[in-house]
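Enquirer: Could you look at this predicted model? Sequence included:
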Amino acid sequence: MQVFTSVVVLGLCFAAFVVTHIKDYKQRKADSMISLAQVIGSNSISAIQFQDNDAAREILSDLKKVAPEVVNACILNRKKNVFASYRKPGADTFDFSSNILNGKKFEFNSKQLLVNNNIINNKETIGTVCLAVDLTELDTIKSTQYKIAIVLLIVGVGLAFLIAIGVQRYISNRLLYLVNIMKKAGKTGNYKSHVSTEGRDEISTLSLVFNKLMDQIMESQQKKDEFIGIASHELKTPLTTIKAYLQVLDSIENKQPNKQYVQKALDNVNKLQQLISDLLDVSRIQSGQLHLDINEFDVDSLIDETIAAFQIVSVHHKIIRNGPLIHQVISADRQKIEQVLINLLSNATKYSPDAQEVIVGTKKTDSELIIKVEDFGIGIEKEELTKVFDRFYRTKGMSVLISGFGLGLYICKDIIQRHHGKIWVESEEKGSVFYFSLPINFTAV
């Protein structure tokens, strides 16, 4: 944009310069030829009065030396008939009697300057001097001016481009830095980043507004996290009491449909309790209070026990372990890894309502263990693959049909990252595969 603006401004300036220069040249040339015509007219008064055509022609012939650019000239009498004429050698004959300028002293056409000047003696017009001036010099001047303008324009554009690069680098670096901070904040959810507000330009003002916005977001996020933490703790105690009473009722009630109602209530209390547990985990993550209880355990035993426990509550899906045993003992938080696996199994069954199987696979490399959970359900859109681990994110389409806050995968991601592992998902048109890896030699910091 800076270069384009410079090109337009320089182009207009050079155009004005060339047009003005050519206009000045034309005016000077016209004035010079009018003065020459006046001199010729003054010298021709006697010749016209005495009808001396030879004297008039001799006066005109001096134009060859005095003004070689005059290619045709003539003296007309008061009746506008040719009294004497001159033609430069090699020039075409020009008919002045048919090119009277209707009272104008000069006129430019495409090739020549035509000049008419009346010969006046004692306030009486006795004739007219007519000149046809070649404009080859004007064409040369035009060509030279155009070349100079083009060269200067190219040089000006080059300098403008170099200056624009420097200015753009200064402006762009600040803007790109601000954009990168915004992207990082949006991706990581860390709104503590601030940018420098030095200067008084628009970018400094934008940076100041950005910092204030980050502060407001941080304040709102802290209030939200505080509310979630307080609400979760306050709900946990009465919910535990309700669950205890329902369990007592379930143990003593044998009549139908009363027992069925109690069991339905217990199922929904368990769901609510899981949601509250997720909210508490999120609150601990945000406040930095989610700690790991590191101990050694066998990974195969954990997977088999988790599958067996989950299979009891999963009546519509068969959980299948695929692949060989890995026979590996690792140091990690067994309960948290179990929580991750249960969450992935729960999602696999919820989002594949028409399938009958969920596959759990394992793989071992020199430095890490990889565990996968594969379902054959609705799959995940490509643009959502990187968003499903965000806090409170729900996949489109099925989110209104399946309960949840969109916290499970966010918690899983945090747990795996605290173990220095990775978690990711692959999905095609049918089904999804969630992977997470754990380092074999994990050392808690």
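Expert: Arrived safely, thanks for sending. A quick note: this is a predicted structure, and the numbers were derived from the prediction, not measured.
Enquirer: How about the secondary structure of V433?
Expert: Here V433 is recorded as strand under DSSP: H, G, I helix; E, B strand; the rest coil.
Enquirer: One more: V315?
Expert: Assigned by three-state DSSP, the conformation of V315 is coil.
Enquirer: Next, give phi and psi for it.
Expert: Comment: the main-chain dihedrals of V315 come out as phi -90, psi -20, following degrees, to the nearest 10.
Enquirer: can you tell me the helix or strand for Q263?
Expert: helix 258-287 (DSSP states H and E).
Enquirer: Buried ones in the very next helix or strand once past that helix, by neighbour count?
Expert: Following helix 258-287 in sequence order, the next helix or strand is strand 295-298 (DSSP H and E). For strand 295-298, the neighbour count (16 or more other CB atoms under 10 Å) marks F297, D298 as buried. All C-beta atoms are positioned from the backbone trio N, CA, C, and that covers glycine.
Enquirer: Show me the strands paired with strand 295-298, marking each as parallel or antiparallel.
Expert: Strand 295-298 has these partner strands in its sheet, going by DSSP bridges: strand 329-332 (antiparallel).
Enquirer: CA atoms only: put the strand it pairs with into CSV for me.
Expert: Listed in CSV are the C-alpha atoms of strand 329-332, where the atom choice follows Å, rounded to 0.1, in the frame of the first residue of the first chain:
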residue,chain,number,x,y,z
VAL,A,329,5.8,-51.5,35.3
ILE,A,330,5.8,-47.7,35.3
SER,A,331,5.8,-45.0,37.8
ALA,A,332,2.6,-42.8,37.6
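Enquirer: Which elements pack onto the helix or strand just after that strand?
Expert: The element immediately downstream of strand 329-332 (helix or strand, assigned by DSSP H and E) is helix 334-350. Contacts defined by 3 or more CB pairs under 8 Å, 6 or more residues apart in numbering; DSSP states H and E place helix 334-350 against helix 299-313, strand 357-364, strand 368-374, helix 408-418, strand 432-439.
Enquirer: Tell me which of the ones you listed approaches V7 most closely.
Expert: When the helices and strands packed on helix 334-350 are ranked by distance to V7, counting by CB to CB, first place goes to helix 408-418 at 51.8 Å.
Enquirer: Report the mean per-residue pLDDT for the helix holding Q263.
Expert: Per-residue pLDDT values over helix 258-287 give a mean of 80.
Enquirer: Return the distance of it from the chain's centre.
Expert: The gap between where helix 258-287 is centred and where its chain is centred comes out at 45 Å by CA atoms, centre = their mean, to the nearest Å.
Enquirer: Quick check: buried residues in that helix?
Expert: Judged by neighbour count using 16+ other CB under 10 Å, the buried positions of helix 258-287 are 262, 265-266, 269, 273-276, 278-286.
Enquirer: So for the closest residue to A67 other than its chain neighbours, what's the pLDDT?
Expert: In space, and not counting its chain neighbours, A67 is closest to L36: 5.8 Å by CB to CB, 6 or more residues apart in numbering. You'll see L36 listed with a pLDDT of 92.
Enquirer: Okay, and L36 sits in which element?
Expert: L36 belongs to helix 2-43 when assigned by DSSP H and E.
Enquirer: That helix: what's the following helix or strand?
Expert: Elements were assigned by DSSP H and E; along the chain past helix 2-43, the next helix or strand is helix 45-49.
Enquirer: And the residue of the chain most remote from its centre, how far from S85?
Expert: Going by CA atoms, centre = their mean, the residue of the chain most distant from its centre is F50, 86.4 Å out. Note on F50: its distance to S85, by CB to CB, to the nearest Å, is 18 Å.
Enquirer: likewise N322?
Expert: When distance is defined by CB to CB, N322 is 113 Å away from S85.
Enquirer: More neighbours: the two, which one.
Expert: In this view N322 and S85 are compared by other CB atoms under 10 Å, and S85 has more residues nearby, 18 against 11.
Enquirer: gap between the more buried one and N72?
Expert: If you measure S85 against N72 using CB to CB, the figure is 8 Å.
Enquirer: which residues are common contacts for those two?
Expert: Overlap between the contact sets of S85 and N72, as judged by CB atoms under 8 Å, 6 or more residues apart in numbering, is given by F96.
Enquirer: Just the CA atoms of stretch 201-209, as CSV, please.
Expert: Taking C-alpha atoms only, stretch 201-209 is exported to CSV below (Å, rounded to 0.1, in the frame of the first residue of the first chain):
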residue,chain,number,x,y,z
ASP,A,201,0.8,5.4,17.7
GLU,A,202,-2.2,3.3,16.9
ILE,A,203,-0.4,0.0,17.6
SER,A,204,0.4,1.2,21.1
THR,A,205,-3.2,2.1,21.6
LEU,A,206,-4.3,-1.3,20.4
SER,A,207,-1.7,-3.0,22.7
LEU,A,208,-3.1,-1.0,25.7
VAL,A,209,-6.6,-2.1,24.8
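Enquirer: show me where the stretch 51-200 of the chain has strands.
Expert: In order along the chain, the stretch 51-200 of the chain carries the following strands (DSSP state E, counting those that start in this stretch): 70-77, 82-87, 106-108, 112-121, 124-134.
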